[in-house]
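Peer 1: Sharing a model prediction with you, sequence too.
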Amino acid sequence: MKMTEEQFEKFKKSLQHAAEDSFFYRELYKDKGIEIGDIKTLEDITKLPMTDKYDLRRVYPLGIQAVPDEKVVRIHSSSGTTGQPVIIPYTENDVETWGMMMARCMKVAGVTKQDRVHITPGYGLWTAGIGFQRGAEMLGAMALPMGPGNTEKQIKFLMDLQSTVLCATSSYALLLAEEITHRGLKDKIKLKRGIVGSERWGNKMRNRIMGELGIEIYDIYGLTEIYGPGISVSCSKHNGLHYWDDQLYFEIIDPETGKSLPDGELGELTITTLTKEAAPLIRYRTHDLTRLLPGECSCGLRYPRHDIILGRTDDMIKIKAVNIYPGQIEDVLKDVPETSSEYQVVLDRGLDYKDFLLLRIESMPGIEKEIVERAVKQSFKTRIGIAIQVEALPIGALPRSEKKTARVIDKRYC
Ligand code: ZN
């Protein structure tokens with residue numbers, strides 16, 4: 001989406017602030033020979049280098065900080081399971097801005113002052129729990145800061161306090177839903193809606209949570225480096241997530257070349273903060289795959305939308321000069337009702353030295369193997385544009401794994 005004049009005014013200030021006051025950006029721009037005086041028009045943003053989590057790790061712990069210590073009121077940190085964590089400082093204004101965005105998300109998801117908001121994401125260095133809490137409080141709803149785990153207590157509070165809104169990851173929402181159904185407590189629970197973190201999750205899981213709890217589900221998106229959760233949310237139309245373009249500028253880039261992509265095309269989400277003070281970020285690569293949705297939403301909200309997160313750039317499969325994402329394969333399988341949601345991708349090189357993709361899928365009992373294989377092949381060709389081989393196996397034949405990467409076997413370089 002092209003930057004608006006209004007965004008550009010904020011952007012220029014934010015860029016100057018970053019370039020002058022943040023050690024990280026000062027060094028980066030010096031290194032790359034960037035003069036911020038050269039950024040004169042809306043399009044000039046593409047002249048600026050992109051950064052990501054790996055760059056921020058190099059200036060651990062606080063090399064990103066762009067304000068004096070007395071202005072910093074809090075820090076958060078992304079999980080450090082793979083290497084050094086990323087520490088993000090916040091000013092009082094940053095905390096307020098984040099809370100305001102989160103409150104907007106809740107409002108779009110239909111939360112009102114009358115609601116009781118049961119918050120199960122973690123508290124502490126992680127941004128999730130406290131983000132939901134601040135949003136609920138700013139909206140004037142009643143926040144229940146539960147945190148994760150202790151299912152016994154969660155269910156007790158859901159019943160005794162009659163919570164109406166559940167904030168959770170998709171896996172925890174499913175666990176609670178199953179437990180409530182298992183114990184036959186559905187009638188004692190008053191949940192109406194769920195605000196669920198938008199990691200990539202299937203429709204089948206969503207339908208199960210909605211069905212078992214009888215609630216409407218809204219996706220929420222965010223990342224610690226850009227405040228935390230709450231930078232976008234799905235509305236009642238459930239056709240993409242609205243994001244707050246008065247605070248953030250979203251670009252979609254080709255993860256391979258770094259070139260900006262037009263609206264509607266799938267690529268990597270890259271975010272520029274427009275008002276963030278303690279840790280401004282310019283063209284920050286999220287490594288999340290999505291697309292910007294052109295046109296206005298029929299809900300009437302003027303904020304632009306992006307699609308649900310379709311995967312991570314790390315999960316990208318490259319074959320015959322085409323990039324394929326797990327989310328696209330899941331979409332193909334959704335087209336063919338005779339398949340389960342399980343699949344395995346085998347990349348190999350044929351005797352003709354040409355690469356090919358074999359997609360192993362599971363077909364429902366009683367359906368002829370060839371019919372399912374043909375249907376998947378056809379759908380793949382139409383949706384993704386390349387011809388593949390398909391092998392249909394009986395239900396349960398493929399290994400079940402939480403990790404998407406385990407679904408891809410690359411034999412090409414063996
Ligand atoms: Zn909408």
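Peer 2: Noted; the coordinates are in hand.

Peer 1: The residue lying closest to Thr169 once chain neighbours are set aside and Gly222, how far apart?
Peer 2: Excluding the flanking residues, the one nearest Thr169 by CB to CB, 6 or more residues apart in numbering is Gly197, at 4.7 Å. (Each C-beta comes from the backbone N, C-alpha and C, glycine too.) With distances defined as CB to CB, to the nearest Å, the gap from Gly197 to Gly222 amounts to 8 Å.

Peer 1: The ion contacts on this structure?
Peer 2: Cys235, Lys237, Cys297, Cys299, Leu301 (CB under 5 Å from the ion).

Peer 1: Of all pairs in those residues, which one is the farthest apart?
Peer 2: Farthest apart among the residues of the chain next to the ion by CB to CB are Lys237 and Leu301. That separation is 9.2 Å.

Peer 1: Compare the two (neighbour count), which wins?
Peer 2: Leu301 (16 against 13; other CB atoms under 10 Å).

Peer 1: which ones are touching the more buried one?
Peer 2: Leu301 is in contact with Val108, Cys235, His242, counting by CB atoms under 8 Å, 6 or more residues apart in numbering.

Peer 1: Among those residues, which ones are in strands?
Peer 2: Counted as lying in strands by DSSP state E, out of the contacts of Leu301, are His242.

Peer 1: Redo the contacts of Leu301 as a markdown table? Include pLDDT and neighbour count.
Peer 2: Converted to a markdown table, these look like this (pLDDT from 0 to 100; neighbours: other CB atoms under 10 Å):
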| residue | pLDDT | neighbour count |
| --- | --- | --- |
| Val108 | 98 | 21 |
| Cys235 | 97 | 21 |
| His242 | 98 | 22 |
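
Peer 1: Could you dump the contacts of Leu301 into a markdown table with distance to Gly63 added?
Peer 2: Listed next are these as a markdown table, based on distance: CB to CB, whole Å:
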| residue | distance to Gly63 |
| --- | --- |
| Val108 | 35 |
| Cys235 | 38 |
| His242 | 33 |
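
Peer 1: which one of the contacts of Leu301 is nearest the ion?
Peer 2: Cys235 (3.2 Å; CB to the ion).

Peer 1: Residue ranges of each domain in the protein, please.
Peer 2: 91-313, 316-410 (automatic domain parsing).

Peer 1: Pick the most deeply packed of those domains.
Peer 2: Using mean count of other CB atoms under 10 Å, the stretch among the domains of the chain with the largest mean neighbour count is domain 91-313, at a mean of 19.

Peer 1: got the end-to-end distance for that domain?
Peer 2: Domain 91-313 has an end-to-end distance of 31 Å (CA to CA, to the nearest Å).

Peer 1: Parallel or antiparallel, which strands does the longest strand seen in the chain pair with?
Peer 2: Secondary structure of the chain per DSSP E: the longest strand is strand 339-349. Here strand 339-349 has these sheet partners by DSSP bridges: strand 355-363 (antiparallel), strand 408-410 (parallel).

Peer 1: Using PDB, list the CA coordinates for it.
Peer 2: This file holds the C-alpha atoms of strand 339-349, laid out as PDB (Å, rounded to 0.1, in the frame of the first residue of the first chain):
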ATOM      1  CA  THR A 339      -8.500 -35.300   1.800                       C
ATOM      2  CA  SER A 340      -7.400 -34.900   5.400                       C
ATOM      3  CA  SER A 341      -5.400 -31.800   6.400                       C
ATOM      4  CA  GLU A 342      -2.200 -33.900   6.700                       C
ATOM      5  CA  TYR A 343       0.400 -33.800   3.900                       C
ATOM      6  CA  GLN A 344       4.100 -34.400   3.200                       C
ATOM      7  CA  VAL A 345       6.200 -32.700   0.600                       C
ATOM      8  CA  VAL A 346       9.100 -34.600  -1.000                       C
ATOM      9  CA  LEU A 347      11.400 -32.600  -3.200                       C
ATOM     10  CA  ASP A 348      13.600 -34.700  -5.400                       C
ATOM     11  CA  ARG A 349      15.500 -34.600  -8.700                       C
END
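
Peer 1: which residues touch it?
Peer 2: 202, 204, 317, 319, 329-330, 333, 355-364, 372, 376, 392, 395, 398-400, 407-412.

Peer 1: Quick one: low-confidence residue ranges for the stretch 101-250 of the chain.
Peer 2: Applying pLDDT under 70 to the stretch 101-250 of the chain flags residues 198-202.
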